[in-house]
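Trainee: For reference, the sequence and a predicted model appear below.
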Amino acid sequence: MIMKYRLIILCFALFMFSSQGCLSQIASVNESAPEWIGSQITVRQNLVLRSGSYASKIGWQEKTYKLDNGNWVYVEPVGPDCYIHWEVNPEGIIIGYKTEGKRCW
């Protein structure tokens, strides 16, 4: 009987260790967004519009707005109550971003 409990505990421990390794591979919004600085916004727009994306699942309509410095912002929904506002220069290059929402981690 003791051997059975030890085996169950061992299996549970192995499961927990292996699942932690998988979870740590998912980058947060604030970890992955900086990698897009210097990229063409059209690449990001294509990802947002592709079938299966969060934006396509919620029927997102593209949103942009102009900034006083001549740049513009492309708003991307990342998940429920989380948006990235990509700042884009006139050449279409992402030069910055900010997150908005309570569920951006």
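Mentor: Happy to help now that I have it.
Trainee: Please, where are all the strands along the protein?
Mentor: Listed in chain order, the strands of the chain (DSSP state E) span residues 63-66, 72-79, 82-88, 94-100.
Trainee: Neighbouring strands of the third one in the sheet, and parallel or not?
Mentor: Based on DSSP bridges, the pairing partners of strand 82-88 within the sheet are strand 72-79 (antiparallel), strand 94-100 (antiparallel).
Trainee: So for this structure, which residue is the most central one in space?
Mentor: V29 (4.2 Å; C-alpha atoms, centre = their mean).
Trainee: Quick check: closest non-adjacent residue to that one.
Mentor: Excluding the flanking residues, the one nearest V29 by C-beta to C-beta, 6 or more residues apart in numbering is C104, at 4.9 Å. Where C-beta positions appear, they are placed from N, C-alpha and C, glycine not excepted.
Trainee: What count of nearby residues applies to that neighbour?
Mentor: By the criterion of other C-beta atoms under 10 Å, C104 has 17 neighbours.
Trainee: still on that earlier bit, tell me which of the strands of the chain sits nearest to I41.
Mentor: With C-beta to C-beta as the criterion, I41 lies closest to strand 82-88 of the strands of the chain, at 4.7 Å.
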